[in-house]
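*Asks:* Have a look; sequence and predicted model below, questions after that.
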Amino acid sequence: MAAVAKTPYGHRVELPQVARALLFSREEPPALLLTTEDRLGLWDLSAFKRGAYVNPGLEAFGERALFVMSYEEALSPFPEDPEAWRLVLEVGRTYPRGGLLERLSRMGYARDEDFVVRGEVLEFSDLGLRLEFFGEELERIRYKEDRRRYVLLPKVGKKEAWTSKKLLHFPGPVYLDLPALAPKEVWPLLEGRAVVAFGAGVELPLFPLPVETLPPFRGRLSEAEGFIRKALEEGKRVHLFVRHPRSLEYFRRRFQGLPLSFQGYPGPKGALTLLLGSLEGGVVLGEEVLLTEAHLYSFSGVRPRLRRGQGVEDVGALRPGDYLIHPEHGIGQYLGLEAREVLGAKRDYLVLKYRGEGRLYLPVEDLALLKRHPGTTDDPPELSSLGKNEWQRAKEKARRAAEELAGRLLVLYAKRKAAQGRAFPPLPDWDPLIESGFPFELTPDQTKALEEVMRDLEAPHPMDRLISGDVGFGKTEVALRAAHRVVGHGAQVALLVPTTLLAEQHGKTFRERFCGLPVRVGVLSRFTSEKEERAILEGLRTGAVDIVIGTHRILQPDVAFKDLGLLIVDEEHRFGVAQKERIRELKEGVDTLYLSATPIPRTLYSAFVGLKDLSSIQTPPPGRKPIQTFLAPFDPLVVREAILDELERGGKVFYIHDRVASIEARRRYLERLVPEARFGVVHGQMPEAVVEETMLAFQEGAFDVLVGTTILESGLDIPEANTILIERADRLGLATLYQLRGRVGRRDREAYAYLFHPPRLTEAAEKRLTAIADLSDLGSGHLLAQKDMEIRGIGNLLGPEQHGHIRAVSLEVYTELLEEAILRLKGQAVPETRRVVVDLAVSARIPETYIPSLEKRSLWYGRISEAKGLGELSRLERRLRAEYGPLPEEAQRFFALERLKRLAQAKGVLSITEELLYIQLVFSHWPLDYDAQAFKAFPHRLELTQYPPGLRLVKKGLSPDQYPEVLAELLYLFKDR
């Protein structure tokens, strides 16, 4: 780099990113560049004909190369002795059998579990690696294909036990990108290293450079062309780096009046060289000019940092700030964990904040008592007061309301079950004919929903079932198979949908699936010609048409069926009052199936099992990936890159601009910003026919980007559309955002949602947007639905009068009360959950030295508390060891106590408490059933007590560390309850 005469070690350098990349590419390896996670993609040096390892691991240790790492990666755990934790396998080298197996064991690989030994062959099935030996000499390495060398890394999870940091083990000078954002932990690790800082935020002298930083062109390409022309006339080498081949082709046409070169860097003098490269900024370096596509379109020259939704790693994961419900004390806010020592025993306690200055310290063993309250948006729940009994009063009012509602629901249910209907029993020859056309395997939830629907069809009374589930989770497949069963019995099926587009799409799906079968499918919509409509209506009267799919046209008086057997209603809530009344007339005595994309929370679902016919599909189809959600202030460059990234992989884009008055102006702006793409527009003030034609044209490939209002919230299933950009997302509600985002990610391709907002947000809007970004896991819509139901009420399912009680005690607690009331009114026993109280002076916890992260420790405590039996607990213990290494003594005792609790529960024990001289075990029953002979031979003194029913274990000769093990041995003498 001619502008820099010597390497500026120990200095701060002010350069645009493209020039920083050029300077780093000229460094003699090994050398290291540290940057933020979201800027890693900018450091592809291939445009300058250099390679670089990005976030290298043990496999790159010892290489003489250029390395690029995020700051987080640089601080990640790394072994003190890296060579001991990696195994370099090379054909021709000898590996003594005993030493090799011991090395593999140290690296976390278990024989017969992670690898198998078959004679002179070692096979790692999970890795797809096969090693063939001749004696002790490695003769062949098979990994996808034959190779001469392979570096085997430790089993995933082992790195948690490493004590060093990765930055310390990659030598050479260190370049810091955006040093102001570097974590403070980085600086001590850089002592004694040659450092170059790209940007402010570090106390190093500025290195003066004879460079000219160019202002951004803000999309004014004619102005950029004038600048390039002038530079070429001055004999400069001008380079333009673009991100995609599509853009390369566009700029070739756009600048065809200039002398162009494609020979790569450095280009010839007097010519504009076009190159592929994800770089940013613009600069003049002597006789060289470096321009980037980002610089031509950027407004500020600085990329906004995108806040990416992390995804819910574990739906039950406990995080500080969460709202939790204690059965006795009500709603409190979780503040974190606190270690406390009581009577010499150290334990972890959950700290819950209540109204005023109230604090509750709850042992982590009691975590299972707590319920989650979905208070995550701008509508947080009201905290309860400790000691004022108001929670119990609110709960009692809600219980009475639930009992009233349960009574009404039981009457409705009984009436429905008493009505006479028609049975559609299985058809062994006919039923399998539809299954072969389904290219996927049914998910467990789909299978269960299908079984429930078929059971309803086989019963002699009318079906009235709702199938609820996330967007694209397979409700239609269940409905299609139900329709097939009914048609097989000679009856007709009507599928009612809210829009013409959905009618056309369902029509296409049904025709494809019934192709080759004696089934006639008709579609009644605006796209149906008059002649075809007359034929379909006649066919419905005579029975020639088996299945009709349509909008509210099906509800018109002139539509008559010869023998209607099944009515399927998609999204009933989108029909008007008069239409719903007509649906009620139509379904009299007819099996009816409702489909809804609003997910029903599991708690509400369980409350209705055996009462309201409800099936919930919450398992994502195989291969579906979570939608990656980005939050950012609006930036044209981000818009351009998002659209081009999607187009480059052959996809389509939705763009939401929720203002009809300015939507055409927005389209023209986008056409200038992304001239490589074709744009269409839809909004609610257009004639419905035009909207439908535009949507179909988009589906068929006439447009790359569909610009629309929130009318796109429910529309066509377009598998190729896998990116959505939403302007002013802060103005939209949670449910709307969730439904809009559900327009993408319908297949096995990764989908992206960009939620743009103003630079300054209200606290409420920020919480709402963060909530939607965090709910990026598939099937997590039920969490959103739960909160949305608490905010807006659930009149469709429970009635609006219940809303106040739900707000007071939470949806989960209310539906539990409802479930209990239903069971009592049906004369069934309400199952009691027995809880074992274990109060022993034993130091048992997961120490912060073992898992430093509060969130991770909370997560593990949550997982352990939810473990149902000893087998699940053992699996969790093995997983914890694999991730973090051997358990410290306190953690071993914690697991021992958890095992004791589950064992005690199985034996009918209510409590295990420590007194001065003995440990008292109280059982729920008397007499006790135990092995009398083994009881007498027990090595510690025991005393039976009838009041309370149980026994005493004398503590003499026992240390607290021995309590869990000795008590477990004792409980094994008793019979399970």
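*Replies:* Sure thing, it's come through.

*Asks:* can you give me the mean pLDDT across stretch 898-917?
*Replies:* Averaging pLDDT along stretch 898-917 yields 91.

*Asks:* wait, I meant stretch 240-252
*Replies:* For stretch 240-252, the per-residue pLDDT averages 89.

*Asks:* List the contacts of it.
*Replies:* 18, 47, 228, 260, 272-279, 290-294, 641, 644-645, 647-648, 675-676 (Cβ atoms under 8 Å, 6 or more residues apart in numbering). Any C-beta I mention is one placed from the backbone N, CA and C, and that applies to glycine too.

*Asks:* Give me the distance between the helix ranked longest in the chain and the centre of its chain.
*Replies:* Across the chain, the helix with the greatest residue count (assigned by DSSP state H) is helix 390-418. The chain centre lies 35 Å from the centre of helix 390-418; the measure is Cα atoms, centre = their mean, to the nearest Å.

*Asks:* Tell me the helix or strand right after the lowest-mean-pLDDT helix or strand in the chain.
*Replies:* Least confident helix or strand of the chain, by mean pLDDT, DSSP states H and E, is helix 602-608 with a mean of 48. Scanning forward in sequence from helix 602-608 by DSSP states H and E, the next helix or strand is strand 614-617.

*Asks:* Could you list every helix and strand in contact with the next helix or strand after that next one?
*Replies:* Counting by DSSP H and E, the next helix or strand C-terminal to strand 614-617 is strand 627-633. Packed against strand 627-633 by the contact rule (3 or more Cβ pairs under 8 Å, 6 or more residues apart in numbering; DSSP states H and E) you find strand 307-308, strand 751-757, helix 763-774.

*Asks:* Convert strand 627-633 to PDB, retaining C-alpha atoms only.
*Replies:* What follows is strand 627-633, C-alpha atoms only, in PDB (Å, rounded to 0.1, in the frame of the first residue of the first chain):
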ATOM      1  CA  ILE A 627     -36.500 -16.900  11.100                       C
ATOM      2  CA  GLN A 628     -33.500 -14.700  11.700                       C
ATOM      3  CA  THR A 629     -34.800 -11.400  12.900                       C
ATOM      4  CA  PHE A 630     -32.900  -8.100  12.800                       C
ATOM      5  CA  LEU A 631     -33.800  -4.800  14.500                       C
ATOM      6  CA  ALA A 632     -32.200  -1.600  13.100                       C
ATOM      7  CA  PRO A 633     -32.800   2.000  12.400                       C
END
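
*Asks:* All the strands of the stretch 601-750 of the chain, in order from the start?
*Replies:* 614-617, 627-633, 652-656, 679-682, 705-708, 721-726 (DSSP state E, counting those that start in this stretch).

*Asks:* re earlier: tell me which strands and helices the longest helix of the chain is in contact with?
*Replies:* Using 3+ Cβ pairs under 8 Å, 6+ apart: helix 390-418 touches strand 330-342, helix 803-809, helix 811-825.

*Asks:* Mean pLDDT lowest where, among the ones you listed?
*Replies:* helix 803-809 (a mean of 64).

*Asks:* So, low pLDDT: which residues of the stretch 301-450 of the chain?
*Replies:* Scanning the stretch 301-450 of the chain for pLDDT under 70 picks out 301-318, 374-379, 412, 416-417.

*Asks:* same deal with the stretch 51-200 of the chain?
*Replies:* In the predicted model of the stretch 51-200 of the chain, residues 156-161 satisfy pLDDT under 70.
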